[in-house]
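Asker: Model the following, please.
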Amino acid sequence: MNTPNENPAISGIHHITAVAASAADNYRFYTRVLGLRLVKKTVNFDDPFTYHLYYGNETGRPGTILTFFPWEQFPQGRPGTGMVSAIAFAVPRFSIDYWNRRLNEYGIAVDTESRFGEPVIRFNDPHGLPLELIGTPPSADLNSDGAVLPTAIMGFHSATLLLDRIDATEKIIVEGMGMTPVLREGSRYRFAMQDDNAPGHLLDVRVDPSAGRGRPGGGTVHHIAFRTRDNREQQSWRQRIRQHGLSVTDVRDRKYFQSIYFHEPGGVLFEIATDPPGFAVDEDPRHLGTTLKLPHQYEALRGQIEEQLPPLELTDFRHVYLPPEPGENHGDSIVALHGTGGNEHDLIPVVRQISPSAPVISLRGNVLENGMPRFFKRLAEGVFDENDVRYHAHHLSDFLAEAARCYGPMDNHRIALGYSNGANMAAAIMLLRPDVFSGAILFRPMMPLKMTPGPDLACKSILITTGRFDRVIPSAETQRLVHTLKKAGASVEVVDMDAGHELTAGDIEAARSWLGRGPGRRCATTPSRIKNAA
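Answerer: Here you go, the predicted structure:
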């Protein structure tokens, strides 16, 4: 389909750019929870001391790219009219239940609906950006260049513009950009772009005069970009948009594509970007996003820029890492998780009494209760916020995967050693992410979750020590945990101490004896790796 003056019609979305309030939180959510690949780590052309992060599929294909300006501690915005109000990704229709479960396990609130006959999951990212997953038939074209799991995000499905009226916008996107009106449900209008095999070939417009004007800030979309094949075609688009009475910028070199910008009549900032040269222009495709790439005009400032940019990885938890003793080839590594009010140093002496030479990573919980560190929230004494437990269990698990890549030896038979709140977090990880730990030492634990059904823990060994006079942990809750672990197939050893909630020499001796029996090697294991969800 060509437009009347023989310009090709817009074929699809090229990328969408949004604003975040923390680079590390943004990186963690889009790579770990949604499983997108960081395909380019660069900086804002107009603010080189701020990241510009690009996420997409494995090849960085146009139509899969969501980019962010993460301004640290930036005030939250409010989506409204004159903005892209929702970003929709396409996922295989059969995976909708999987994504519902995954988001729930991370403690992310979701809503579901049917739209134009397709199932939709609606949720927000950590900074309030409205996102959607829409179930569509799997496409060989979309899966051919980078999907690593059958449930993977396949790229964009569509984007939604929120406007107070549609007339002038419809005129420019239909007559000016060659889109075709295809569907309508109430106040939602759907337009199709030229290439119905490309990711992101749909655009929705929702009309709501009462919605109020959007306020830019964290969790809002900055602009939406559409694809054009080359520079020559882009110049034709520039002339064509000007003929429709809109002001258009000169061509701007964005290194990975060339861009022009204009505001459509409803106020949304549009960009038309070239497909070439692409993200492999300065990195091997296998290593996209692994190093900081700077526009050439900022290379002289690289040292200052790198010093001021916040780290993206291993910033989740304050922690101490102790490598194995020189010459030791220890079979186990230990992850220490303190109790309420503790810190990353508290359990190091305990660990060293149990195992003098094993590599250790000891973490500080990043949830505060009256100023005291914990690993998850509780609603009252002994009453846990289960959504928060799930979220932080996945968060810590993903952090340990990064730590394993960074420190190496932590990928050995990994044993959790937790006390009280830390023991409950370790138990939650065993139940939710059984690949993370080979075994666990749980001092004074209780059941952290309602689990139906349970995981397969057939290859796990767990030591639980209790205090007969413990007034903090209800014995029934400990027994419920023991029953759940055994039902899941774990080998559970319970040792009762003549003690209260405090740790004793008996706890340490029981743990030393248990660890000496090689519990982390009941079954052949492979190193824990957190696979992308997409």
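
Asker: Ser158 sits in which helix or strand?
Answerer: Per DSSP states H and E, Ser158 falls inside strand 155-163.

Asker: in the chain, what spans have low per-residue confidence?
Answerer: 1-7, 139-148, 326-331, 408-412, 452-453, 520-534 (pLDDT under 70).

Asker: repeat that for 80
Answerer: Low-confidence regions of the chain, defined here as pLDDT under 80, cover residues 1-8, 105, 138-150, 313-316, 325-331, 382, 405-412, 451-454, 518-534.

Asker: Show me where it has its helices.
Answerer: Here the chain has its helices, by DSSP state H, at 23-28, 96-105, 140-143, 167-171, 231-243, 302-308, 348-354, 386-407, 421-432, 475-487, 505-516.

Asker: any idea how far His296 is from the closest residue in space to Leu288 that isn't next to it in sequence?
Answerer: What sits nearest to Leu288 in space, not counting adjacent residues and going by CB to CB, 6 or more residues apart in numbering, is Val39, at 4.4 Å. To be clear about C-beta, it is placed using only N, CA and C from the backbone, and glycine gets the same treatment. Per CB to CB, to the nearest Å, Val39 is found 20 Å from His296.

Asker: now swap in Pro519 and tell me
Answerer: Distance from Pro519 to His296, by CB to CB: 55 Å.

Asker: Also Asn197?
Answerer: On the measure of CB to CB, Asn197 and His296 end up 35 Å apart.

Asker: Could you do Gly56 as well?
Answerer: For Gly56 relative to His296 (CB to CB), the value is 23 Å.

Asker: go on, Gly266?
Answerer: Taking CB to CB, one finds Gly266 at 36 Å from His296.

Asker: Comparing these two, which residue is more hemmed in?
Answerer: Ranked by neighbour count (other CB atoms under 10 Å), Gly266 and His296 place Gly266 first, with 21 against 8.

Asker: Surely the more buried one touches Leu161?
Answerer: Yes - at 6.7 Å, Gly266 counts as touching Leu161 under the criterion of CB atoms under 8 Å.

Asker: Pull up the overlap in contacts between the two.
Answerer: Shared contacts of Gly266 and Leu161, defined by CB atoms under 8 Å, 6 or more residues apart in numbering, comprise Thr169.

Asker: which residues in the stretch 1-150 of the chain form strands?
Answerer: Assigned by DSSP state E, counting those that start in this stretch, the stretch 1-150 of the chain shows strands spanning 13-20, 37-44, 47-56, 65-70, 83-92, 111-115, 118-124, 130-136.

Asker: can you tell which of those strands is closest to Ser259?
Answerer: Ranking the strands of the stretch 1-150 of the chain by proximity to Ser259 (CB to CB) places strand 13-20 first, at 9.0 Å.

Asker: Give me the helices and strands touching the closest one, please.
Answerer: Secondary-structure packing of strand 13-20 (3 or more CB pairs under 8 Å, 6 or more residues apart in numbering; DSSP states H and E): strand 65-70, strand 83-92, strand 155-163, strand 221-228, strand 269-274.

Asker: still on that earlier bit, does the residue nearest to Leu288 really touch Tyr55, like I thought?
Answerer: Yes - counting by CB under 8 Å, Val39 touches Tyr55, with 6.7 Å between them.

Asker: what residues do these two have in common as contacts?
Answerer: Shared contacts of Val39 and Tyr55, defined by CB under 8 Å, 6+ apart, comprise Ile65.

Asker: Spit out the contact partners of Arg374.
Answerer: Contacts of Arg374 were listed using CB under 8 Å, 6+ apart, and they are 340-341, 365, 367-368, 421.
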